[in-house]
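**Q** Requesting a structural model of the entry that follows:
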Amino acid sequence: MQTIPILELGIIFIPTAFLLVVMFRWQLKAFTGLYANVRMLVQLLLVGYFLTYVFETNQPLVIVLLIALMIAVSAWIALRSSEDKSVKTYFIFLIAIGFPGMILLGLVTQFVLQMQKWFEPSLVVPIAGMIFANSMNTVSLAAERFESELNRGKDYVDARRIALDASLIPQINSLFAVGLVALPGMMTGQILSGVDPIIAVRYQIMVMWMTFGSGGLAAVLYLVLRIRSVKHKGTEC
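**A** Modelled structure (predicted):
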């Protein structure tokens with residue numbers, strides 16, 4: 001793949017700048033949008049240099065610590081969607097995102113890809129990122145919808161069902177759209193780098209099942225643990 005020059009890369013920012021101007025004129029949170037773009041730029045530049053080091057490491061402890069950090073940060077970000085921001089709720093998010101995610105990560109890296117080194121950085125890190133980021137988003141949707149339904153007077157079972165259904169909408173839409181409306185990131189990247197489309201398709205199928213399973217199971221585990229937590233809290237009161 002060719003290297004994108006900085007000047008040409010800046011061209012794609014023009015529509016974003018136009019959108020930010022519209023947000024400002026319409027009295028939306030233009031500063032938040034600008035801050036998000038600047039933060040994205042800084043984070044990706046930093047992570048680019050960081051991954052250069054990580055991909056060359058032969059220390060499994062570095063990869064283990066990095067995955068633990070991914071899970072911890074994912075849970076912290078997901079906690080923003082909850083009205084109850086207690087330590088107990090944080091650990092519910094942590095378990096919900098981490099437990100299914102680690103199972104899927106192990107299945108993919110150790111059994112599907114059969115890596116020579118169990119901690120192969122160039123494979124483990126990107127795959128872990130996809131799993132935990134997707135689980136974070138799915139659990140966040142489930143948490144927000146679950147609490148909204150409880151506040152509307154729904155019982156626990158109905159709130160749980162509605163929350164899980166809502167959290168899976170983006171996942172199911174992606175399954176319906178893949179190959180027809182969109183060529184997902186991994187598949188597009190592989191095709192652009194010259195990989196046979198048939199091989200790229202197999203990798204994308206792996207990713208779709210991996211993210212659907214990890215995200216959905218994370219939402220299920222969150223809802224189970226959250227219901228128990230709410231019921232226990234209600235009993236104490």
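
**Q** switch to C-alpha atoms for all contacts and neighbour counts from now on
**A** Noted.

**Q** Tell me which residues touch Glu83, please.
**A** By Cα atoms under 8 Å, 6 or more residues apart in numbering, the contact list for Glu83 reads Glu147.

**Q** how far away is it from Gln114?
**A** Per Cα to Cα, to the nearest Å, Glu83 is found 42 Å from Gln114.

**Q** How about the particular helix or strand that has Thr138 in it, which residues are buried there?
**A** According to DSSP states H and E, Thr138 maps onto helix 121-151. Using 16 or more other Cα atoms under 10 Å as the test for burial, helix 121-151 gives 121, 124-125, 127-149.

**Q** where do the helices sit along the protein?
**A** For the chain, the helices defined by DSSP state H cover 6-11, 13-25, 30-54, 60-78, 87-106, 121-151, 156-167, 169-177, 185-192, 197-236.

**Q** Export those to TSV and append columns for mean pLDDT.
**A** As requested, those are exported to TSV (pLDDT from 0 to 100):
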stretch	mean pLDDT
helix 6-11	86
helix 13-25	90
helix 30-54	89
helix 60-78	94
helix 87-106	95
helix 121-151	93
helix 156-167	94
helix 169-177	90
helix 185-192	72
helix 197-236	85
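
**Q** mind giving me the domain split of this protein?
**A** 1-54, 59-236 (automatic domain parsing).

**Q** So which of these is the most surrounded?
**A** Burial of the domains of the chain is given as mean neighbour count (mean count of other Cα atoms under 10 Å); domain 59-236 ranks first at a mean of 18.

**Q** for Val62, what are its contacts?
**A** By Cα under 8 Å, 6+ apart, the residues touching Val62 are Val54.

**Q** again, only using 7 Å
**A** Applying Cα atoms under 7 Å, 6 or more residues apart in numbering, one finds that Val62 lies in contact with no residue.

**Q** who touches Pro100 in this structure?
**A** Going by Cα under 7 Å, 6+ apart, Pro100 touches Ser214, Leu217, Ala218.

**Q** run the last query once more with 6 Å
**A** Neighbour list for Pro100: Ser214, Ala218 [criterion: Cα atoms under 6 Å, 6 or more residues apart in numbering].

**Q** Point me to the residue sitting closest to the centre of this protein.
**A** Nearest to the mean C-alpha position of the chain, counting by Cα atoms, centre = their mean, stands Ala133 at 1.5 Å.

**Q** Now do it against Met187, distance only.
**A** From Ala133 across to Met187, the span is 18 Å (Cα to Cα).

**Q** per-residue pLDDT, Gln2?
**A** Note on Gln2: pLDDT of 65.

**Q** for Leu183, same thing?
**A** The predicted structure scores Leu183 at 66 on the pLDDT scale.

**Q** picking that back up, from the chain's centre, how far out does the helix holding Thr138 sit?
**A** Relative to its chain's centre, helix 121-151 lies at 5 Å (Cα atoms, centre = their mean, to the nearest Å).
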